[in-house]
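1. Structure for the following, please:
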Amino acid sequence: MRTTHIPVLDAEVIEHLRPVSGGRYVDATLGLGGHAQRILEASAPHGILVGLEWDDQAIEPARRRLAPFGDRVRIIRATYAEMAVVLRREGMMEINALLLDLGVSSLQLDRPERGFSFREDAPLDMRMDRRLPETAADMIARLSQEKLADIFYNYGEERQARRIAAHLVQARESGPIETTGQLAALVGAAIPKKYHPPGKHVATRVFQALRIAVNRELDNLVKVLADAPAVLAPGGRIGVITFHSIEDRIVKQALAGNPAYRVVTRKPVEPSREEIARNPRARSAKLRVAERVA
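-> Residues are numbered from 1 along each chain as shown. Model prediction:
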């Protein structure tokens, strides 16, 4: 399947991270390499970049995209939670900028077999790294009603979390819930029509919550935000692009609450109307930036 990849807030990332020739950069969520390409172009001819990516299906397309930059780029299969260990091993401490784009990539969304979307019926997987032991289907089968409700409420801000969890636990007694279509239909049946959100699929928040839980996304985010000052040079910058309020709140509090950071963006940078028109998936993106103080 051909996948169109449009990096979000790419001009704003370059403006705030300020790549220059000779700098050392890390894209800790490499994806298909869109942001990395912009950083490498802006830091020509001598800037170098390490890209971390935990989705094996993204690495080869990213490698092809970034091949023209030769030995200025290194691509490593790892999650951003492993960043500090990887950079020490690679001799890449004292970096000048770090980027995290926390969105689900077009590769993941546009391949139904990955199970991230309810647009097509597919196995209920949702693992960004297929080495992870538990899929979303496994999680639904294993967890108690209370635990499922907590995931839907805490990670998806779903107000009908208890009702949905009860419905899923009852449904799984008749057989396993194994596909995205099954889950979407069960969530729709669990919530009375009057509570269905306008302009949004009723299962959107549940899918988000399960994806976050399967991939331990919030734990990983907290870790990388705490680790970043140790790898940034004084004056180096961290930029984080979030796509929902839970992530944005964690990033805002971490950057403002750590004395190693000076917040650069008092308010998050958001995409222009023109960018949203070109790329509707950018609609909810927010970029926050902080600088490492001496």
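2. contacts and neighbour counts: CA atoms only from here.
-> Noted.
3. Just the buried residues of stretch 152-171, please?
-> For stretch 152-171, burial by neighbour count (16 or more other CA atoms under 10 Å) applies to 152-153, 155-158, 160-162, 164-169.
4. what sits against Asn279?
-> Asn279 sits next to Ile6 when contact means CA atoms under 8 Å, 6 or more residues apart in numbering.
5. Now with 7 Å, please.
-> Listed by CA atoms under 7 Å, 6 or more residues apart in numbering, Asn279 has no contact partners.
6. same check, this time on Ala260
-> Contacts of Ala260 by CA under 7 Å, 6+ apart are 229, 292-293.
7. Endpoints of stretch 205-224, how far apart?
-> For stretch 205-224, the separation between the terminal residues is 24 Å (CA to CA, to the nearest Å).
8. residues making contact with it?
-> With CA under 7 Å, 6+ apart, stretch 205-224 has contacts from 80-81, 126-128, 134-136, 151-152, 155-158.
9. what about it, average pLDDT?
-> Averaged across stretch 205-224, the pLDDT comes to 96.
10. returning to that earlier point: among the contacts of Ala260, which lie within strands?
-> Arg292 (DSSP state E).
11. For Ile14, state which of the contacts of Ala260 is nearest.
-> Arg292 (17.1 Å; CA to CA).
12. what's the burial count for that closest one?
-> 23 (other CA atoms under 10 Å).
13. quick one: it from Leu40, how far?
-> Arg292 is 21 Å from Leu40, by CA to CA.
14. Setting aside sequence neighbours, what's the nearest residue to Ala233?
-> Glu94 (4.2 Å; CA to CA, 6 or more residues apart in numbering).
15. What's the separation between that neighbour and Ile75?
-> With CA to CA as the criterion, Glu94 and Ile75 are 18 Å apart.
16. Same check on Asn258?
-> Look at Asn258 and Ile75: by CA to CA, they are 29 Å apart.
17. Could you do Asp27 as well?
-> Applying CA to CA to Asp27 and Ile75 gives a distance of 10 Å.
18. tell me, what's touching these two both at once?
-> Here Asp27 and Ile75 share the contacting residues 50-52, scored by CA under 7 Å, 6+ apart.
19. Give me the subset of the residues you listed lying in strands.
-> 50-52.
20. possible to save these as JSON lines with distance to Glu90 and pLDDT?
-> As requested, these are exported to JSON lines (distance: CA to CA, whole Å; pLDDT from 0 to 100):
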{"residue": "Val50", "distance to Glu90": "9", "pLDDT": "98"}
{"residue": "Gly51", "distance to Glu90": "12", "pLDDT": "98"}
{"residue": "Leu52", "distance to Glu90": "12", "pLDDT": "98"}
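21. ok, Arg266 - how many residues close by?
-> Arg266: 11 neighbours (other CA under 10 Å).
22. and if you look at Ala290?
-> What Ala290 shows, counting by other CA under 10 Å, is a neighbour count of 24.
23. now the most far-flung residue of the chain relative to its centre, what's its secondary structure?
-> Seen from the C-alpha centroid of the chain, the residue lying at the greatest distance (CA atoms, centre = their mean) is Ser174, 34.0 Å away. Here Ser174 is recorded as coil under DSSP: H, G, I helix; E, B strand; the rest coil.
24. which residues touch Val240?
-> 99-101, 287-289.
25. switch to 6 Å and redo it
-> 99-101, 287-288 (CA atoms under 6 Å, 6 or more residues apart in numbering).
26. In strands only, show me those.
-> Reading strands off the contacts of Val240 with DSSP E, I get 99-101, 287-288.
27. Relative to Pro192, which of the buried residues of stretch 152-171 is nearest.
-> The closest of the buried residues of stretch 152-171 to Pro192 turns out to be Gln160 (CA to CA; 9.6 Å).
28. For the closest one, give me the pLDDT.
-> On the pLDDT scale, Gln160 is placed at 96.
29. where do the helices sit along the stretch 151-294 of the chain?
-> For the stretch 151-294 of the chain, helices defined by DSSP state H, counting those that start in this stretch occupy the ranges 161-172, 180-190, 204-215, 217-231, 245-257, 273-278.
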